[in-house]
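A.B. asks: Sequence below, structure please.
(2 chains)
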There are 2 protein chains.
Amino acid sequence: MTDGVEPGTVRPGGRTARVREAVLRAAEDALTEQGFTGLDLADVARRAQVGKTTVYRRWGTVTGLVADLLQDMAEQSAPRTETGSLLGDLTANARLVQRTLTDPRQGALFKALIAAATGDVKTAAALHRFYDIRVREWAPCVRQAVERGEVPEGTDPHDVIRAVSAPLYYHLLISGGRLDEPTADRAAEAAAMAARAGVFVRVGGKQA
Amino acid sequence: MTDGVEPGTVRPGGRTARVREAVLRAAEDALTEQGFTGLDLADVARRAQVGKTTVYRRWGTVTGLVADLLQDMAEQSAPRTETGSLLGDLTANARLVQRTLTDPRQGALFKALIAAATGDVKTAAALHRFYDIRVREWAPCVRQAVERGEVPEGTDPHDVIRAVSAPLYYHLLISGGRLDEPTADRAAEAAAMAARAGVFVRVGGKQA
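C.D. replies: Got it, this is the predicted structure:
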């Protein structure tokens, strides 16, 4: 799941908040331009026009900075859309993910963060937290579909939301396939059909 | 899609083939242990007990070596299983992918290759070729299902095979979710149900 972060959003808060904002946007710029292997705290401080000491004291390591960036992305990400049907809601979700991943800046940023997570356990944990927050934001649409009788009782909401995103990330990272709106719509439809057929029903209510 | 590479397989051929074998296995070792950022031709030559000059002359760059490794992995990968039903075939495919990705060596190798592809266009092209070969190996099971009347005419075989893998790679790279056999079976079932419902029918026969 991804987000609808608006670049340059000004948030309330004093100097500390402004420094965090500047440093995280600079970290995004660096990740987008150079990928994770090029990330360096001194370079981020220079880009953010913030003292190096401040950056080292507050974030400590590149890993710490990336974890804070993912936390910030989760806090700023867009709320879910409600359309009144499961297919409608999942399609809105799929299109949000598709637009985010095909946006040149956001797509490059997510690729860099996912690549970073493959080589570092703490970054992986921060990435999993980010996606868990996004999945939880959308999970209620599946619970509402259960209440409306669209999908069977016991359907795991998290499984359904993850099933929508999976083909889109597969295209981005693995197959290089086209990531257009029909691809997003097919991902939503496939997840909705599988959910209706009871594929995501968990016996005993266990959740992955 | 992944493969059933047997480490240490001896292939026919003379010195050139033996050198390639040693260098590619050494590259796998290095990628598995250190990830892509640690990959270095001199280190690979030392691990393979092959002259540095040979490695530089034959593969030129780290990117060239990774592309040759992916080519070799595609050549060595396992043929598809035929069970007589779409769900049976897709389940065999999902379990092969699941076993490969949860194997400590193979899982680390695939993570390293996917991370490398996020930062380099040529490596991405080599990765896409590898997965395209694996998808083509399994695609006939969907064509057979169309002939048997299990799924509608016009179903895109590549879309179906990719839909089986997508949730497994999503767990590996994005969510950190459990990658066990029930997860594989659910991925196969979801793809089969969506295919039966006609989600992967392409109007006009266009293939992604």
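A.B. asks: Scan chain A for its longest helix.
C.D. replies: If you go by DSSP state H, chain A has its longest helix at helix A:15-34.
A.B. asks: downstream neighbour of that one in the secondary structure list?
C.D. replies: helix A:41-48 (DSSP states H and E).
A.B. asks: contacts for that following helix?
C.D. replies: In this structure, residues lying in contact with helix A:41-48 by C-beta atoms under 8 Å, 6 or more residues apart in numbering or on different chains are A:19, A:22-23, A:25-27, A:29-30, A:51-52, A:54-56, A:59, A:61-62, A:65. Every C-beta, even on glycine, is put in place using the N, C-alpha and C of the backbone.
A.B. asks: Just the buried residues from those, in PyMOL please.
C.D. replies: Listed next is the PyMOL selection for buried residues among those, using 16 or more other C-beta atoms under 10 Å in any protein chain shown:
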select buried, chain A and resi 19+22+23+25+26+27+29+30+55+59+62+65
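A.B. asks: what's the neighbour count on A:Pro157?
C.D. replies: For A:Pro157, the neighbour count with other C-beta atoms under 10 Å in any protein chain shown is 22.
A.B. asks: quick one: it and A:Val151, what's the gap?
C.D. replies: 10 Å (C-beta to C-beta, to the nearest Å).
A.B. asks: Just the buried positions in whichever helix or strand A:Gln144 is part of, please.
C.D. replies: According to DSSP H and E, A:Gln144 maps onto helix A:140-147. Across helix A:140-147, burial judged by 16+ other C-beta under 10 Å covers A:141-142, A:144-146.
A.B. asks: so what are the domain limits for chain A?
C.D. replies: Domain assignment of chain A by automatic domain parsing yields the ranges A:16-73, A:80-207.
A.B. asks: touching chain B at all, the longest one?
C.D. replies: Yes - shown here: domain A:80-207 in contact with chain B (C-beta under 8 Å from any C-beta of the partner chain) through A:111-112, A:114-115, A:117-119, A:124-125, A:127-128, A:131-132, A:135, A:159, A:162-163, A:165-167, A:169-170, A:173-178, A:183, A:186, A:189-191, A:193-194, A:197, A:199-200.
A.B. asks: If any of the residues you listed are buried, put those into a ChimeraX selection.
C.D. replies: Applying 16+ other C-beta under 10 Å to the residues of domain A:80-207 next to chain B leaves a buried subset, and the ChimeraX line that selects it is:
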select /A:111,112,114,115,117,118,119,124,127,128,131,132,135,159,162,163,165,166,167,169,170,173,174,175,176,177,183,186,189,190,191,193,194,197,199,200
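A.B. asks: ranges for the helices of chain A?
C.D. replies: Counting by DSSP H, chain A has these helices, from start to end: A:15-34, A:41-48, A:52-59, A:62-76, A:86-102, A:104-118, A:121-138, A:140-147, A:157-170, A:181-196.
A.B. asks: how about those, which one is nearest B:Leu87?
C.D. replies: Of all the helices of chain A, helix A:181-196 sits nearest to B:Leu87, with 12.4 Å by C-beta to C-beta.
A.B. asks: how far off helix B:157-170 does the closest one point, in degrees?
C.D. replies: For helix A:181-196 against helix B:157-170, the angle by axes from the mean of the first three to the mean of the last three C-alpha atoms, to 10 degrees is 70 degrees.
A.B. asks: Show me what helix A:181-196 is in contact with.
C.D. replies: If you take C-beta under 8 Å, 6+ apart as the criterion, helix A:181-196 is touched by A:86-87, A:90-91, A:93-95, A:97-98, A:142, A:145, A:150-151, A:155, A:160, A:163-168, A:171, A:177, A:200, B:159, B:163, B:189-191, B:193-194, B:197, B:199-200, B:208.
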